[in-house]
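Trainee: sequence and predicted structure are below.
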Amino acid sequence: LIDDRCTSADGGLLLFQDVERRLNLADRLAACLQDPRQPGKITHRLDEILRFRMLAIVAGYPDGNDCDVLRGDPVFKMALDRPPVTGPALCSQPTVSRIENMPRRPELYRMAQAMLDLYCDSFPVAPSHLTLDLDESFDRVHGEQQLRKFNAYYDDWGFLPIHIFDTSGRLVVSVLREAATPSGREILALVKRVVGHLRERFPRVRIRLRGDSHYACPEVMSWCEANGLEYIFGLSGNATLAARVQALEARTAARYAARRAAEPPKFKLRRYMDFQGGAKSWNCTRRIVARVEAGPDGVDTRYIVTNLTDRRAQRLYERKYCQRGRMENLLKAHKRHLASDRTSCTRACANQVRLFLHGAAYWLLWTFQSLMPKRSPWRVVQFDTLRNRLIKLVTEVTETADRIRIALAPVFPIKETLTVVSARLARFVT
């Protein structure tokens, strides 16, 4: 007879075991890798190592060193289908590090394709339209990592990975790169691969690219126009553009000065105009929209360039371009709440593997949120709040010969929420 007790501080992690099984995340990524180990001497399978790593990231343990402490945790053992007390320990930090450093570039390419397949499989029916937001985040480094570069804007050494999300918050892919402004050729190479994969799965989908001025490159815009893609990008100002809007800026400033006394202190006045313009590096003129804003701090003018045919310039800017501001929150969740900037390996390939693992953890949390009722605050809550309220639950685990009992505290604030979540997860898995 086996009768022993142990506790864990991450009882809610068992909910994400079902989500991971449904998405098949660990198996997808493990299938992309070639295991050089001798089959007869393998203790921890590739899918188990990856599953352990991504669940640890979800629970707030982003460092590989944390695996040395968590390998005996009963909840993590159960999440990997092992008995919580009598089951063997999970893999240690050296094993995790060897697996992270194992893949080479062809395997990384297959892992990126697996992440794209995950994105495509997340749609119950083929979408008719997709808007892809492109942006980058700065990852500081503190060693001699490959691809590290000094960035004058951030005044530090680091990486500048490109992330692609859609408007619903789904992560499409994340690509590690040096900390320099991406060139048009580099952006176009990434866009071609992503769009090509999406069109293979969804031949009739209409795709729109959206990003800041870094992505308003002539190579990208020309390719979009030749291949039937929509785009709307920010555009850096210059003397030529300033001359085109000079009259509008003067009128807006005058109207603001006339109305300022009768309006609230933070009142701002906006005006819009659009026109056809071009740069020396462009092969044609394109539609440019200017937004002129007069306020207490003076006149501020911003520009966008697009091939959309919407007649109203204000609608284009406010409803179709400014919506990309939500991506800042998605990057915050990816970087701050999941610590995706823990790219401290020496080899660039290993750091890209880590970026994929953090992306997989993002998918677990995003999918979990999408299962919540539409009007529930849990559907829009930050990932760190979700972790602190639903994962960080002190749990007592009792293992006997014929059963495993999981005991939570008799009173805790989200008891009813946990019941609803469990019921929705059961329908999702089956």
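Mentor: That came through fine.
Trainee: hey, where'd the helices end up in the stretch 1-150 of the chain?
Mentor: In the stretch 1-150 of the chain, the helices defined using DSSP state H, counting those that start in this stretch lie at 13-23, 25-30, 46-58, 67-70, 74-79, 93-101, 105-121.
Trainee: just the stretch 151-300 of the chain next, same as before
Mentor: The residue ranges that make up the helices of the stretch 151-300 of the chain, judged by DSSP H, counting those that start in this stretch, are 184-201, 218-226, 239-244, 246-259.
Trainee: now mean neighbour count too, for the ones you listed, in CSV please.
Mentor: Just so you know, the C-beta spots here come from the backbone N, C-alpha and C atoms, and that holds for glycine as well. Shown next, in CSV, are the helices of the stretch 151-300 of the chain (neighbours: other C-beta atoms under 10 Å):
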stretch, mean neighbour count
helix 184-201, 17
helix 218-226, 17
helix 239-244, 12
helix 246-259, 14
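Trainee: got these as a markdown table, with distance to L371 and mean pLDDT columns?
Mentor: Output for the helices of the stretch 151-300 of the chain, formatted as a markdown table (distance: least, C-beta to C-beta, whole Å; pLDDT from 0 to 100):
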| stretch | distance to L371 | mean pLDDT |
| --- | --- | --- |
| helix 184-201 | 23 | 96 |
| helix 218-226 | 35 | 95 |
| helix 239-244 | 46 | 92 |
| helix 246-259 | 47 | 93 |
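Trainee: middle-most residue in the chain, spatially?
Mentor: Most central residue of the chain, judged by C-alpha distance to the mean C-alpha position with C-alpha atoms, centre = their mean, is L171 at 4.4 Å.
Trainee: who does that residue bridge with?
Mentor: Bridge pairing for L171 (DSSP bridges) gives the partners F165.
Trainee: pLDDT below threshold where in the stretch 1-150 of the chain?
Mentor: Counting by pLDDT under 70, the ranges of the stretch 1-150 of the chain that qualify are 1-5.
Trainee: likewise the stretch 251-400 of the chain?
Mentor: Along the stretch 251-400 of the chain, segments meeting pLDDT under 70 are nowhere present.
Trainee: and the strands in it?
Mentor: With DSSP state E, counting those that start in this stretch, the ranges of strands along the stretch 251-400 of the chain come out as 269-277, 286-295, 298-306, 395-399.
Trainee: of the ones you listed, which is nearest L50?
Mentor: Comparing those against L50 with C-beta to C-beta, the closest turns out to be strand 395-399 (23.7 Å).
Trainee: may I have that closest one as PDB, with CA atoms only?
Mentor: The C-alpha coordinates for strand 395-399 follow below in PDB (Å, rounded to 0.1, in the frame of the first residue of the first chain):
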ATOM      1  CA  THR A 395      -2.700  22.100  -3.500                       C
ATOM      2  CA  GLU A 396      -2.300  18.900  -1.300                       C
ATOM      3  CA  VAL A 397      -1.800  15.800  -3.300                       C
ATOM      4  CA  THR A 398      -2.500  12.300  -1.800                       C
ATOM      5  CA  GLU A 399      -1.400   9.200  -3.700                       C
END
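Trainee: now do the buried residues in it.
Mentor: Judged by neighbour count using 16 or more other C-beta atoms under 10 Å, the buried positions of strand 395-399 are T395, V397, T398, E399.
Trainee: most widely separated two among those residues?
Mentor: T395 and E399 (12.8 Å).
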